[in-house]
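Enquirer: Kindly generate the corresponding structure for this input.
(4 chains)
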Number of protein chains: 2
Amino acid sequence: MNSQALSPPVKRIADSTVRRLSIYLRFLEEFEGRGLSTVSSEELARRGGTTSAQVRKDLSFFGSFGKRGLGYSVPELSTSLREILGLGRGWRVVIIGAGKIGAALAQYRGFRQRGFQIVAAYDSNAEKIGGTLEGIEIRDMHRFEADVEKDHPEIAVLAVPMEHAQAVLDRVARAGIKAVLNFAPVQLHAPADMTVKTVNMAMELEGLTFALTNQGV
Amino acid sequence: MNSQALSPPVKRIADSTVRRLSIYLRFLEEFEGRGLSTVSSEELARRGGTTSAQVRKDLSFFGSFGKRGLGYSVPELSTSLREILGLGRGWRVVIIGAGKIGAALAQYRGFRQRGFQIVAAYDSNAEKIGGTLEGIEIRDMHRFEADVEKDHPEIAVLAVPMEHAQAVLDRVARAGIKAVLNFAPVQLHAPADMTVKTVNMAMELEGLTFALTNQGV
DNA sequence: GAGTGCTTGTGAATTCATTCACAAAGTAGC
DNA sequence: GCTACTTTGTGAATGAATTCACAAGCACTC
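Expert: Numbering: from 1, shown residues only, chains lettered A, B, ... in the order given. As a prediction, this is how the structure comes out:
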(Lines give C-alpha, C1' and ligand atoms only; values in the text may rest on other atoms or scores of the structure.)
Protein backbone atom coordinates (compact mmCIF):
# COMPACT_ATOMS: atom_id res chain seq x y z
CA MET A 1 0.00 0.00 0.00
CA ASN A 2 2.24 2.82 1.19
CA SER A 3 5.29 2.29 -0.97
CA GLN A 4 7.28 5.16 0.50
CA ALA A 5 6.33 4.23 4.02
CA LEU A 6 9.59 4.50 5.96
CA SER A 7 7.59 3.70 9.03
CA PRO A 8 10.32 4.28 11.59
CA PRO A 9 11.39 0.98 13.18
CA VAL A 10 8.58 -0.09 15.47
CA LYS A 11 10.76 -2.68 17.13
CA ARG A 12 14.49 -2.83 17.51
CA ILE A 13 16.15 -3.82 14.26
CA ALA A 14 18.78 -6.54 14.40
CA ASP A 15 22.33 -5.70 13.44
CA SER A 16 22.30 -8.53 10.95
CA THR A 17 19.34 -6.94 9.20
CA VAL A 18 21.09 -3.58 8.89
CA ARG A 19 24.16 -5.26 7.45
CA ARG A 20 22.09 -6.98 4.83
CA LEU A 21 20.37 -3.73 3.90
CA SER A 22 23.85 -2.35 3.17
CA ILE A 23 24.54 -5.30 0.93
CA TYR A 24 21.26 -4.93 -0.95
CA LEU A 25 21.93 -1.25 -1.45
CA ARG A 26 25.29 -1.99 -2.99
CA PHE A 27 23.71 -4.27 -5.58
CA LEU A 28 20.92 -1.84 -6.27
CA GLU A 29 23.48 0.84 -7.02
CA GLU A 30 25.20 -1.52 -9.39
CA PHE A 31 21.89 -2.29 -11.10
CA GLU A 32 21.08 1.40 -11.21
CA GLY A 33 24.36 2.01 -13.02
CA ARG A 34 23.43 -0.66 -15.53
CA GLY A 35 20.05 0.93 -16.07
CA LEU A 36 17.96 -1.97 -14.82
CA SER A 37 14.54 -0.86 -13.70
CA THR A 38 13.22 -3.66 -11.50
CA VAL A 39 14.63 -6.44 -9.39
CA SER A 40 13.06 -9.33 -7.49
CA SER A 41 13.76 -10.42 -3.93
CA GLU A 42 15.04 -13.63 -5.47
CA GLU A 43 17.68 -11.78 -7.49
CA LEU A 44 18.80 -9.69 -4.53
CA ALA A 45 18.99 -12.81 -2.40
CA ARG A 46 21.12 -14.72 -4.89
CA ARG A 47 23.64 -11.91 -5.13
CA GLY A 48 23.65 -11.25 -1.42
CA GLY A 49 24.03 -14.86 -0.40
CA THR A 50 20.73 -15.15 1.40
CA THR A 51 17.13 -16.18 0.70
CA SER A 52 14.31 -14.26 -0.91
CA ALA A 53 12.18 -14.62 2.21
CA GLN A 54 14.97 -13.02 4.19
CA VAL A 55 15.13 -10.08 1.80
CA ARG A 56 11.40 -9.50 2.00
CA LYS A 57 11.37 -9.84 5.77
CA ASP A 58 14.24 -7.38 6.11
CA LEU A 59 12.43 -4.81 4.03
CA SER A 60 9.10 -5.44 5.73
CA PHE A 61 10.39 -3.91 8.97
CA PHE A 62 10.41 -0.55 7.26
CA GLY A 63 7.42 -0.67 4.99
CA SER A 64 6.26 -2.10 1.75
CA PHE A 65 8.40 -1.26 -1.24
CA GLY A 66 7.57 -3.75 -3.96
CA LYS A 67 4.85 -4.58 -6.43
CA ARG A 68 3.46 -8.09 -6.30
CA GLY A 69 4.11 -9.98 -9.49
CA LEU A 70 6.75 -7.47 -10.53
CA GLY A 71 9.39 -6.95 -7.90
CA TYR A 72 11.01 -3.76 -6.71
CA SER A 73 11.73 -0.60 -8.66
CA VAL A 74 15.51 -0.26 -8.57
CA PRO A 75 15.66 3.53 -8.20
CA GLU A 76 12.82 3.64 -5.68
CA LEU A 77 14.21 0.90 -3.51
CA SER A 78 17.70 2.38 -3.53
CA THR A 79 16.35 5.73 -2.50
CA SER A 80 14.37 4.14 0.31
CA LEU A 81 17.34 2.11 1.50
CA ARG A 82 19.58 5.16 1.47
CA GLU A 83 16.95 6.94 3.51
CA ILE A 84 16.66 4.07 5.99
CA LEU A 85 20.40 3.76 6.38
CA GLY A 86 20.73 7.49 6.97
CA LEU A 87 22.63 8.07 3.74
CA GLY A 88 20.17 10.66 2.50
CA ARG A 89 22.31 13.37 4.06
CA GLY A 90 25.96 14.23 4.60
CA TRP A 91 27.93 13.30 7.70
CA ARG A 92 30.95 15.01 9.19
CA VAL A 93 33.72 12.65 10.19
CA VAL A 94 36.95 13.12 12.10
CA ILE A 95 39.81 10.66 11.96
CA ILE A 96 41.80 10.27 15.14
CA GLY A 97 45.25 8.86 14.56
CA ALA A 98 47.25 9.72 11.46
CA GLY A 99 49.16 6.46 11.12
CA LYS A 100 48.97 3.90 8.36
CA ILE A 101 45.37 2.99 9.03
CA GLY A 102 44.34 6.63 9.22
CA ALA A 103 46.04 7.18 5.86
CA ALA A 104 44.35 4.21 4.25
CA LEU A 105 41.00 5.52 5.45
CA ALA A 106 41.59 9.08 4.37
CA GLN A 107 42.20 8.03 0.78
CA TYR A 108 39.27 5.64 0.64
CA ARG A 109 37.02 6.78 -2.18
CA GLY A 110 33.85 5.14 -0.93
CA PHE A 111 33.93 7.54 1.97
CA ARG A 112 33.24 10.70 0.06
CA GLN A 113 31.05 8.90 -2.46
CA ARG A 114 28.53 8.08 0.21
CA GLY A 115 28.37 11.50 1.73
CA PHE A 116 30.99 11.21 4.44
CA GLN A 117 33.03 14.38 4.66
CA ILE A 118 36.29 14.12 6.54
CA VAL A 119 36.62 17.43 8.31
CA ALA A 120 39.90 16.82 10.09
CA ALA A 121 42.48 14.33 11.26
CA TYR A 122 44.08 14.40 14.70
CA ASP A 123 47.31 13.10 16.10
CA SER A 124 49.44 13.79 19.12
CA ASN A 125 52.78 13.17 17.43
CA ALA A 126 54.45 16.57 16.96
CA GLU A 127 56.12 15.42 13.76
CA LYS A 128 52.81 14.74 12.11
CA ILE A 129 50.85 17.74 13.33
CA GLY A 130 50.57 20.45 10.70
CA GLY A 131 51.13 18.00 7.88
CA THR A 132 48.40 16.54 5.76
CA LEU A 133 46.86 13.12 5.33
CA GLU A 134 45.70 12.74 1.75
CA GLY A 135 44.96 16.44 1.63
CA ILE A 136 43.37 16.59 5.07
CA GLU A 137 44.95 18.78 7.69
CA ILE A 138 46.45 16.91 10.65
CA ARG A 139 45.66 18.80 13.85
CA ASP A 140 47.00 18.63 17.36
CA MET A 141 44.88 16.34 19.50
CA HIS A 142 44.96 19.07 22.16
CA ARG A 143 42.60 21.07 19.99
CA PHE A 144 40.13 18.23 19.71
CA GLU A 145 37.50 19.35 22.23
CA ALA A 146 37.57 22.96 21.08
CA ASP A 147 37.30 21.92 17.42
CA VAL A 148 34.34 19.65 18.06
CA GLU A 149 32.46 22.61 19.48
CA LYS A 150 33.04 24.48 16.23
CA ASP A 151 32.82 21.71 13.62
CA HIS A 152 30.35 19.42 15.42
CA PRO A 153 31.34 16.22 13.63
CA GLU A 154 28.88 13.37 14.06
CA ILE A 155 31.24 10.44 13.63
CA ALA A 156 34.73 9.74 14.93
CA VAL A 157 37.00 7.14 13.43
CA LEU A 158 39.51 5.75 15.92
CA ALA A 159 42.77 4.69 14.33
CA VAL A 160 45.01 4.92 17.37
CA PRO A 161 47.22 2.29 19.02
CA MET A 162 45.23 -0.08 21.19
CA GLU A 163 46.83 1.18 24.39
CA HIS A 164 45.20 4.59 23.90
CA ALA A 165 41.92 3.54 22.37
CA GLN A 166 39.80 3.54 25.52
CA ALA A 167 41.16 6.88 26.73
CA VAL A 168 40.50 8.47 23.35
CA LEU A 169 37.03 6.98 23.27
CA ASP A 170 36.30 8.57 26.64
CA ARG A 171 37.38 11.95 25.27
CA VAL A 172 35.24 11.48 22.18
CA ALA A 173 32.29 10.59 24.38
CA ARG A 174 32.77 13.61 26.62
CA ALA A 175 32.99 15.84 23.56
CA GLY A 176 29.49 14.69 22.68
CA ILE A 177 30.11 12.56 19.58
CA LYS A 178 27.65 9.68 19.52
CA ALA A 179 29.06 7.37 16.86
CA VAL A 180 32.49 5.77 16.65
CA LEU A 181 34.14 3.45 14.18
CA ASN A 182 36.97 1.77 16.02
CA PHE A 183 39.96 0.12 14.37
CA ALA A 184 41.88 -0.68 17.53
CA PRO A 185 41.76 -4.40 18.28
CA VAL A 186 40.22 -3.97 21.72
CA GLN A 187 36.83 -4.19 23.32
CA LEU A 188 35.76 -0.64 24.17
CA HIS A 189 33.32 0.42 26.84
CA ALA A 190 31.08 3.31 25.89
CA PRO A 191 28.05 5.06 27.38
CA ALA A 192 24.70 3.58 26.38
CA ASP A 193 23.70 6.48 24.16
CA MET A 194 26.74 5.96 21.98
CA THR A 195 27.14 3.51 19.10
CA VAL A 196 30.53 1.94 18.62
CA LYS A 197 31.36 -0.40 15.74
CA THR A 198 34.67 -2.15 15.85
CA VAL A 199 36.55 -3.37 12.81
CA ASN A 200 38.83 -5.97 14.28
CA MET A 201 41.08 -7.68 11.84
CA ALA A 202 42.73 -9.81 14.49
CA MET A 203 39.37 -11.27 15.40
CA GLU A 204 38.51 -12.08 11.81
CA LEU A 205 41.89 -13.74 11.32
CA GLU A 206 41.25 -15.89 14.35
CA GLY A 207 37.90 -16.79 12.86
CA LEU A 208 39.86 -18.09 9.88
CA THR A 209 42.40 -20.07 11.84
CA PHE A 210 39.58 -21.52 13.92
CA ALA A 211 37.86 -22.67 10.76
CA LEU A 212 41.08 -24.06 9.28
CA THR A 213 41.81 -25.91 12.49
CA ASN A 214 38.39 -27.24 13.36
CA GLN A 215 36.50 -27.75 10.15
CA GLY A 216 39.64 -27.88 8.14
CA VAL A 217 41.47 -30.33 5.97
CA MET B 1 36.78 -33.33 34.97
CA ASN B 2 39.01 -33.29 31.92
CA SER B 3 40.49 -29.82 32.13
CA GLN B 4 42.57 -30.14 28.98
CA ALA B 5 39.71 -31.67 27.07
CA LEU B 6 39.69 -29.82 23.74
CA SER B 7 36.93 -32.15 22.70
CA PRO B 8 36.75 -31.09 19.08
CA PRO B 9 33.46 -29.27 18.37
CA VAL B 10 30.70 -31.84 18.44
CA LYS B 11 28.26 -29.45 16.84
CA ARG B 12 28.89 -26.48 14.61
CA ILE B 13 30.17 -23.55 16.63
CA ALA B 14 28.51 -20.19 16.05
CA ASP B 15 30.56 -17.36 14.63
CA SER B 16 29.57 -15.20 17.53
CA THR B 17 31.07 -17.72 19.93
CA VAL B 18 34.38 -17.76 18.10
CA ARG B 19 34.51 -13.97 18.14
CA ARG B 20 33.98 -13.94 21.87
CA LEU B 21 36.70 -16.51 22.39
CA SER B 22 39.05 -14.08 20.64
CA ILE B 23 37.98 -11.36 23.03
CA TYR B 24 38.47 -13.53 26.08
CA LEU B 25 41.91 -14.52 24.86
CA ARG B 26 42.91 -10.91 24.51
CA PHE B 27 42.04 -10.23 28.15
CA LEU B 28 43.70 -13.37 29.32
CA GLU B 29 46.91 -12.29 27.63
CA GLU B 30 46.64 -8.95 29.36
CA PHE B 31 46.10 -10.68 32.71
CA GLU B 32 48.97 -13.02 31.96
CA GLY B 33 51.21 -10.02 31.41
CA ARG B 34 50.16 -8.64 34.76
CA GLY B 35 50.91 -11.93 36.43
CA LEU B 36 47.36 -12.72 37.57
CA SER B 37 46.86 -16.40 38.15
CA THR B 38 43.10 -16.93 38.11
CA VAL B 39 40.07 -15.24 36.66
CA SER B 40 36.33 -15.83 37.00
CA SER B 41 33.75 -16.01 34.24
CA GLU B 42 32.23 -12.92 35.85
CA GLU B 43 35.44 -10.94 35.39
CA LEU B 44 35.87 -12.05 31.78
CA ALA B 45 32.25 -11.18 31.10
CA ARG B 46 32.52 -7.71 32.54
CA ARG B 47 35.57 -6.88 30.45
CA GLY B 48 34.16 -8.47 27.34
CA GLY B 49 30.77 -6.84 27.57
CA THR B 50 28.78 -10.03 28.03
CA THR B 51 27.43 -12.22 30.83
CA SER B 52 29.16 -14.82 32.93
CA ALA B 53 26.72 -17.48 31.76
CA GLN B 54 27.66 -16.67 28.20
CA VAL B 55 31.34 -17.06 28.96
CA ARG B 56 30.80 -20.43 30.60
CA LYS B 57 28.55 -21.63 27.80
CA ASP B 58 31.07 -20.57 25.17
CA LEU B 59 33.82 -22.50 26.88
CA SER B 60 31.62 -25.51 27.54
CA PHE B 61 31.47 -26.31 23.84
CA PHE B 62 35.13 -27.26 23.99
CA GLY B 63 35.50 -28.82 27.38
CA SER B 64 35.74 -27.96 31.00
CA PHE B 65 38.51 -25.57 31.88
CA GLY B 66 37.71 -24.11 35.27
CA LYS B 67 37.66 -25.08 38.92
CA ARG B 68 34.40 -24.62 40.77
CA GLY B 69 34.68 -22.09 43.52
CA LEU B 70 37.91 -20.76 42.09
CA GLY B 71 37.60 -19.78 38.45
CA TYR B 72 39.97 -20.37 35.58
CA SER B 73 43.75 -20.56 35.64
CA VAL B 74 44.90 -17.69 33.46
CA PRO B 75 47.82 -19.48 31.79
CA GLU B 76 45.91 -22.72 31.32
CA LEU B 77 42.88 -21.07 29.82
CA SER B 78 44.92 -18.92 27.47
CA THR B 79 46.80 -21.94 26.26
CA SER B 80 43.54 -23.78 25.68
CA LEU B 81 41.99 -20.86 23.86
CA ARG B 82 45.03 -20.44 21.66
CA GLU B 83 44.79 -24.12 20.87
CA ILE B 84 41.06 -23.90 20.09
CA LEU B 85 41.51 -20.85 17.89
CA GLY B 86 44.32 -22.51 15.99
CA LEU B 87 46.96 -20.12 17.27
CA GLY B 88 49.12 -22.87 18.64
CA ARG B 89 51.05 -22.95 15.37
CA GLY B 90 52.32 -20.58 12.70
CA TRP B 91 50.40 -19.64 9.57
CA ARG B 92 51.72 -18.50 6.22
CA VAL B 93 49.94 -15.51 4.79
CA VAL B 94 50.08 -13.78 1.43
CA ILE B 95 48.82 -10.25 0.88
CA ILE B 96 47.30 -9.57 -2.51
CA GLY B 97 47.26 -5.89 -3.41
CA ALA B 98 50.09 -3.58 -2.35
CA GLY B 99 48.07 -0.40 -1.97
CA LYS B 100 47.38 1.61 1.16
CA ILE B 101 45.44 -1.14 2.86
CA GLY B 102 48.05 -3.72 2.01
CA ALA B 103 50.67 -1.44 3.49
CA ALA B 104 48.70 -0.86 6.67
CA LEU B 105 48.34 -4.62 7.05
CA ALA B 106 51.96 -5.40 6.34
CA GLN B 107 53.14 -3.18 9.17
CA TYR B 108 50.57 -4.40 11.66
CA ARG B 109 52.45 -5.78 14.64
CA GLY B 110 49.69 -8.03 15.92
CA PHE B 111 50.14 -10.09 12.81
CA ARG B 112 53.57 -11.44 13.57
CA GLN B 113 52.89 -11.50 17.31
CA ARG B 114 50.21 -14.12 16.84
CA GLY B 115 52.18 -16.36 14.58
CA PHE B 116 51.13 -15.05 11.18
CA GLN B 117 54.07 -14.94 8.83
CA ILE B 118 53.67 -12.82 5.74
CA VAL B 119 55.50 -14.72 3.05
CA ALA B 120 54.85 -12.39 0.14
CA ALA B 121 52.82 -9.54 -1.27
CA TYR B 122 51.43 -9.48 -4.80
CA ASP B 123 50.40 -6.73 -7.15
CA SER B 124 49.88 -6.38 -10.86
CA ASN B 125 51.06 -2.78 -11.10
CA ALA B 126 54.47 -2.83 -12.80
CA GLU B 127 55.61 0.19 -10.80
CA LYS B 128 55.13 -1.63 -7.52
CA ILE B 129 56.49 -5.04 -8.51
CA GLY B 130 60.01 -5.62 -7.27
CA GLY B 131 59.62 -3.02 -4.53
CA THR B 132 58.91 -3.83 -0.92
CA LEU B 133 55.99 -3.35 1.41
CA GLU B 134 57.30 -2.86 4.92
CA GLY B 135 60.20 -5.13 4.13
CA ILE B 136 58.13 -7.70 2.26
CA GLU B 137 58.89 -8.36 -1.37
CA ILE B 138 56.17 -7.30 -3.81
CA ARG B 139 55.85 -9.94 -6.51
CA ASP B 140 54.17 -9.98 -9.88
CA MET B 141 50.68 -11.40 -9.64
CA HIS B 142 51.52 -13.53 -12.66
CA ARG B 143 53.72 -15.62 -10.42
CA PHE B 144 50.96 -16.22 -7.91
CA GLU B 145 49.92 -19.75 -8.85
CA ALA B 146 53.48 -20.98 -9.24
CA ASP B 147 54.51 -19.44 -5.92
CA VAL B 148 51.61 -20.99 -4.06
CA GLU B 149 52.83 -24.41 -5.17
CA LYS B 150 56.20 -23.67 -3.60
CA ASP B 151 55.27 -21.65 -0.52
CA HIS B 152 51.88 -23.20 0.20
CA PRO B 153 50.44 -20.30 2.16
CA GLU B 154 47.30 -21.14 4.12
CA ILE B 155 45.72 -17.70 4.22
CA ALA B 156 45.30 -14.99 1.59
CA VAL B 157 44.50 -11.40 2.45
CA LEU B 158 42.64 -9.59 -0.32
CA ALA B 159 43.41 -5.89 -0.45
CA VAL B 160 42.52 -5.24 -4.07
CA PRO B 161 40.03 -2.80 -5.61
CA MET B 162 36.46 -4.05 -5.40
CA GLU B 163 36.20 -4.46 -9.18
CA HIS B 164 38.83 -7.21 -9.11
CA ALA B 165 37.99 -8.85 -5.82
CA GLN B 166 35.82 -11.68 -7.15
CA ALA B 167 38.24 -12.55 -9.95
CA VAL B 168 41.16 -12.65 -7.53
CA LEU B 169 39.15 -14.75 -5.10
CA ASP B 170 38.51 -17.26 -7.89
CA ARG B 171 42.23 -17.48 -8.58
CA VAL B 172 42.97 -17.91 -4.89
CA ALA B 173 40.37 -20.68 -4.71
CA ARG B 174 41.78 -22.45 -7.75
CA ALA B 175 45.26 -22.24 -6.28
CA GLY B 176 43.96 -24.26 -3.34
CA ILE B 177 44.02 -21.68 -0.54
CA LYS B 178 41.12 -22.32 1.83
CA ALA B 179 40.98 -19.16 3.94
CA VAL B 180 40.60 -15.56 2.84
CA LEU B 181 40.42 -12.28 4.67
CA ASN B 182 38.76 -9.83 2.32
CA PHE B 183 38.99 -6.06 2.59
CA ALA B 184 37.12 -5.23 -0.58
CA PRO B 185 33.67 -3.87 0.19
CA VAL B 186 31.82 -6.49 -1.81
CA GLN B 187 29.97 -9.72 -1.18
CA LEU B 188 32.14 -12.53 -2.49
CA HIS B 189 31.01 -15.95 -3.62
CA ALA B 190 33.33 -18.78 -2.71
CA PRO B 191 33.26 -22.57 -2.86
CA ALA B 192 31.79 -24.25 0.21
CA ASP B 193 35.09 -25.64 1.44
CA MET B 194 36.56 -22.17 1.70
CA THR B 195 36.19 -19.71 4.57
CA VAL B 196 35.97 -16.05 3.67
CA LYS B 197 35.81 -13.29 6.27
CA THR B 198 35.10 -9.82 5.05
CA VAL B 199 36.16 -6.67 6.82
CA ASN B 200 33.81 -4.12 5.38
CA MET B 201 34.24 -0.62 6.68
CA ALA B 202 31.48 0.79 4.49
CA MET B 203 29.02 -1.59 6.08
CA GLU B 204 30.06 -0.68 9.59
CA LEU B 205 29.78 3.01 8.77
CA GLU B 206 26.27 2.45 7.52
CA GLY B 207 25.51 0.67 10.75
CA LEU B 208 26.52 3.89 12.49
CA THR B 209 24.47 6.21 10.32
CA PHE B 210 21.52 3.87 10.71
CA ALA B 211 21.84 4.08 14.47
CA LEU B 212 22.26 7.86 14.39
CA THR B 213 19.24 8.22 12.17
CA ASN B 214 16.87 5.75 13.76
CA GLN B 215 17.72 5.51 17.42
CA GLY B 216 19.43 8.82 17.42
CA VAL B 217 18.96 12.16 19.10
C1' DG C 1 35.19 -33.47 58.75
C1' DA C 2 31.19 -30.56 58.90
C1' DG C 3 29.87 -25.99 57.63
C1' DT C 4 30.24 -21.70 54.79
C1' DG C 5 31.05 -19.34 50.69
C1' DC C 6 32.08 -19.05 46.07
C1' DT C 7 32.07 -20.33 41.15
C1' DT C 8 31.65 -23.66 37.58
C1' DG C 9 29.01 -26.47 34.17
C1' DT C 10 24.73 -27.37 32.14
C1' DG C 11 19.76 -28.70 31.28
C1' DA C 12 15.54 -25.92 30.79
C1' DA C 13 13.32 -21.70 29.60
C1' DT C 14 13.32 -17.81 26.98
C1' DT C 15 14.28 -14.66 23.52
C1' DC C 16 15.67 -13.61 18.97
C1' DA C 17 16.34 -14.65 13.90
C1' DT C 18 15.35 -17.27 9.91
C1' DT C 19 12.61 -20.04 7.00
C1' DC C 20 8.18 -21.79 5.43
C1' DA C 21 4.13 -21.45 3.09
C1' DC C 22 0.37 -19.21 1.26
C1' DA C 23 -3.22 -15.52 0.50
C1' DA C 24 -3.23 -11.20 -1.79
C1' DA C 25 -2.15 -8.40 -5.55
C1' DG C 26 -0.22 -7.42 -9.51
C1' DT C 27 0.97 -8.28 -14.94
C1' DA C 28 0.15 -10.25 -19.47
C1' DG C 29 -2.20 -12.74 -23.02
C1' DC C 30 -6.27 -13.65 -25.32
C1' DG D 1 -13.08 -9.81 -18.24
C1' DC D 2 -11.22 -14.23 -17.46
C1' DT D 3 -7.23 -17.31 -16.85
C1' DA D 4 -2.44 -18.26 -16.09
C1' DC D 5 1.58 -16.85 -14.16
C1' DT D 6 4.64 -13.98 -10.91
C1' DT D 7 6.20 -12.18 -6.85
C1' DT D 8 5.25 -9.68 -2.69
C1' DG D 9 4.17 -9.33 2.33
C1' DT D 10 3.43 -11.68 6.44
C1' DG D 11 1.60 -14.80 10.16
C1' DA D 12 3.09 -19.34 11.84
C1' DA D 13 6.65 -22.76 12.44
C1' DT D 14 11.12 -23.77 13.09
C1' DG D 15 15.73 -23.20 14.47
C1' DA D 16 19.58 -20.85 16.87
C1' DA D 17 21.58 -18.18 20.54
C1' DT D 18 21.25 -16.35 25.02
C1' DT D 19 19.88 -16.23 29.67
C1' DC D 20 18.16 -18.44 33.85
C1' DA D 21 18.68 -21.06 37.70
C1' DC D 22 20.59 -24.43 40.37
C1' DA D 23 23.05 -28.83 41.62
C1' DA D 24 27.78 -30.13 41.98
C1' DG D 25 32.45 -29.30 43.26
C1' DC D 26 36.26 -27.11 45.42
C1' DA D 27 38.74 -24.04 49.05
C1' DC D 28 38.96 -22.52 53.39
C1' DT D 29 37.89 -22.24 58.41
C1' DC D 30 37.13 -23.95 62.72
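
Enquirer: quick one: the helices in chain A?
Expert: A:15-33, A:41-48, A:52-60, A:74-84, A:100-106, A:109-113, A:144-151, A:162-174, A:201-214 (DSSP state H).

Enquirer: could I get these as JSON lines with mean neighbour count?
Expert: Backbone N, C-alpha and C define where each C-beta goes, glycine included. What follows is the helices of chain A, written out as JSON lines (neighbours: other Cβ atoms under 10 Å in any protein chain shown):
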{"stretch": "helix A:15-33", "mean neighbour count": "19"}
{"stretch": "helix A:41-48", "mean neighbour count": "18"}
{"stretch": "helix A:52-60", "mean neighbour count": "17"}
{"stretch": "helix A:74-84", "mean neighbour count": "20"}
{"stretch": "helix A:100-106", "mean neighbour count": "22"}
{"stretch": "helix A:109-113", "mean neighbour count": "13"}
{"stretch": "helix A:144-151", "mean neighbour count": "14"}
{"stretch": "helix A:162-174", "mean neighbour count": "18"}
{"stretch": "helix A:201-214", "mean neighbour count": "22"}
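
Enquirer: Would you mind saying which of the ones you listed lies nearest B:His189?
Expert: When these are ranked by distance to B:His189, counting by Cβ to Cβ, first place goes to helix A:41-48 at 8.7 Å.

Enquirer: quick one, the closest one and helix A:15-33 angle?
Expert: Counting by axes from the mean of the first three to the mean of the last three Cα atoms, to 10 degrees, helix A:41-48 points 100 degrees away from the direction of helix A:15-33.

Enquirer: hmm, helix A:41-48 in reach of chain B?
Expert: Yes - Helix A:41-48 reaches chain B (Cβ under 8 Å from any Cβ of the partner chain) through A:Arg47, A:Gly48.

Enquirer: between that helix and helix A:74-84, what angle do the directions make?
Expert: Helix A:41-48 and helix A:74-84 are oriented at 60 degrees to each other (the same axes, to 10 degrees).

Enquirer: what does stretch A:14-30 contact?
Expert: Stretch A:14-30 is contacted by residues A:39, A:44, A:47-48, A:50, A:54-55, A:58, A:61, A:74, A:77-78, A:81-82, A:84-85, A:87, B:185-187, B:200, B:202-203, B:206-207, B:210 when judged by Cβ atoms under 8 Å, 6 or more residues apart in numbering or on different chains.

Enquirer: Intersect these with the contacts of DNA strand C.
Expert: Among the contacts of stretch A:14-30, proximity to DNA strand C is found for A:Thr50, A:Gln54 (Cβ under 7 Å from any atom of the strand).

Enquirer: ok, back up a step: now the helices of chain A in CSV, with mean pLDDT?
Expert: As requested, the helices of chain A are arranged in CSV below (pLDDT from 0 to 100):
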stretch, mean pLDDT
helix A:15-33, 96
helix A:41-48, 95
helix A:52-60, 97
helix A:74-84, 96
helix A:100-106, 89
helix A:109-113, 83
helix A:144-151, 97
helix A:162-174, 97
helix A:201-214, 94
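
Enquirer: got these as CSV, with distance to DNA strand D columns?
Expert: Output for the helices of chain A, formatted as CSV (distance: least, Cβ to the nearest atom of the strand, whole Å):
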stretch, distance to DNA strand D
helix A:15-33, 10
helix A:41-48, 4
helix A:52-60, 4
helix A:74-84, 9
helix A:100-106, 28
helix A:109-113, 27
helix A:144-151, 33
helix A:162-174, 22
helix A:201-214, 13
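
Enquirer: Quick one: neighbours of A:Val94, just the number.
Expert: The number of residues packed near A:Val94 is 24, by other Cβ atoms under 10 Å in any protein chain shown.

Enquirer: Help me confirm that it comes into contact with A:Val119.
Expert: Yes - under the criterion of Cβ atoms under 8 Å, A:Val94 lies in contact with A:Val119, with a separation of 5.9 Å.

Enquirer: Could you pull out the residues contacting both of these two?
Expert: With the criterion set as Cβ under 8 Å, 6+ apart, the overlap between the contacts of A:Val94 and A:Val119 is A:Asp151, A:Pro153.

Enquirer: Around DNA strand C, which positions in chain A sit nearby?
Expert: Within chain A, the positions adjacent to DNA strand C are A:14-17, A:50-51, A:53-54, A:56-57, A:67-70 by Cβ under 7 Å from any atom of the strand.

Enquirer: Nearest to A:Gly99 among the residues you listed?
Expert: Each of the residues of chain A next to DNA strand C was scored against A:Gly99 by Cβ to Cβ, and A:Asp15 proved nearest at 28.2 Å.

Enquirer: thinking again about what came up before, now, which of the residues of chain A next to DNA strand C sits nearest A:Glu163?
Expert: When the residues of chain A next to DNA strand C are compared for distance to A:Glu163, the smallest value, 27.9 Å, is given by A:Asp15; criterion: Cβ to Cβ.
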